[in-house]
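Engineer: Fold the following for me, if possible:
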Amino acid sequence: MLQTLPRSKTPSGAAYLERGKGDETLVLIHGVGMRIEAWQPQIDRLANDLRVIAVDLPAHGCSDALEGAPGLPSYVEWFRRFLEEMELGQVNVAGHSMGALIAGGIVATAPEQVRRVALLNSVHRRGLDARNAVEARAREIRSGEFDRVAPLARWFAEDEERTKAYALARDLLQAVDPAGYAAAYSAFASGDSIYADCWGEVECPALFLTGDGDLNSTVDMARDMAAAARRGRAVVIEGHRHMVNLTAPDEVNRALVEWLATR
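Structural biologist: Numbering: from 1, shown residues only. Here you go, the predicted model:
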């Protein structure tokens, strides 16, 4: 049975969890179809050393939906408003998948709010075939007739199907609000190039992490972003795919701890 972590809510309807204390704050943003619980290994480890806040995307978990048909900039603006409502000052931001696109958007549009930025399993300038595939999936989801758990075949290797990580991702996909899922996926499908030119202007330490088996958020994408960023670093976790923060939590946590120590 899916265990729900306790949450608070901002005046504008963003649900979040807060753990730990420290001089610095880390804000975690999950991917499409997930929610705060997908960050459990990182919350448990990193809240020992600093203040950790994880937020549910709009219409995911307990967060209110955005109006209309929001594109990626609407999600970035939602996140900027969340940071302001929380009165957090300058923060470290780590995002996974769709959350990584939002993290890239906030450092591009409000760099003064970001101390460090980390993009986990992020897409960047998809090729034509990948773009056609993700847009077809977005149309399928918007139609209301779609297989909720189809992404698991891409996110996990066959030998991971009996793991707790697989079960958690499956349960979160099955529980997500269909309209919220469709809205976020559409923004994700069209958002990989919106802020892609920002990295040459980003001054803060930037981590780009992915699994070597992730066929969508590829190693080349991570390395291209790291090469473009002034203080970029690419980390590749061998033997893992898209949900690397769940399937290789110790390795991912070590990379995040190193990133958080960068001055």
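
Engineer: how close does residue 178 sit to residue 254?
Structural biologist: Relative to residue 254, residue 178 is positioned 37 Å away (Cβ to Cβ, to the nearest Å). Every residue, glycine included, has its C-beta placed from N, CA and C.

Engineer: what's the nearest residue to residue 74 if we skip its chain neighbours?
Structural biologist: Once flanking residues are discounted, residue 74 sits nearest to residue 66: 5.8 Å by Cβ to Cβ, 6 or more residues apart in numbering.

Engineer: Tell me if I am right that that neighbour is in a strand.
Structural biologist: No - counting by DSSP: H, G, I helix; E, B strand; the rest coil, residue 66 is not part of a strand but coil.

Engineer: Against residue 12, how distant is it?
Structural biologist: 10 Å.

Engineer: cool, residue 118 as well?
Structural biologist: As judged by Cβ to Cβ, residue 118 and residue 12 stand 25 Å apart.

Engineer: In terms of neighbours, single out the busier of these two.
Structural biologist: The neighbour count for residue 118 versus residue 12, taken as other Cβ atoms under 10 Å, is higher for residue 118 (26 against 12).

Engineer: Doesn't the more buried one lie inside a helix?
Structural biologist: No - with three-state DSSP as the criterion, residue 118 is strand rather than part of a helix.

Engineer: Could you verify my assumption that it touches residue 93?
Structural biologist: Yes - between residue 118 and residue 93 there is a contact at 7.2 Å, judged by Cβ atoms under 8 Å.

Engineer: Can you work out which residues contact both of those two?
Structural biologist: Here residue 118 and residue 93 have residue 103 as joint contacts, going by Cβ atoms under 8 Å, 6 or more residues apart in numbering.

Engineer: Spatially, what comes nearest to residue 122 if we skip its sequence neighbours?
Structural biologist: Using Cβ to Cβ, 6+ apart, the closest residue to residue 122 is residue 100 (3.4 Å).

Engineer: In contact with that neighbour, which residues?
Structural biologist: Per Cβ under 8 Å, 6+ apart, neighbours of residue 100: 29, 31, 119-123, 217.

Engineer: could you say which helix or strand contains it?
Structural biologist: helix 98-109 (DSSP states H and E).

Engineer: Over to residue 122?
Structural biologist: Using DSSP H and E, residue 122 is not contained in any helix or strand.

Engineer: The residue nearest to residue 74: neighbour count?
Structural biologist: Neighbours of residue 66 under the rule other Cβ under 10 Å: 19.

Engineer: Could you tell me which residues make contact with it?
Structural biologist: Going by Cβ under 8 Å, 6+ apart, residue 66 touches 58-59, 74-75, 78, 183.

Engineer: Residue 53: what secondary structure?
Structural biologist: Here residue 53 is strand, with the state taken from three-state DSSP.

Engineer: Now that it has come up, it's in contact with residue 20, right?
Structural biologist: No - using Cβ under 8 Å, residue 53 is not in contact with residue 20, being 9.1 Å away.
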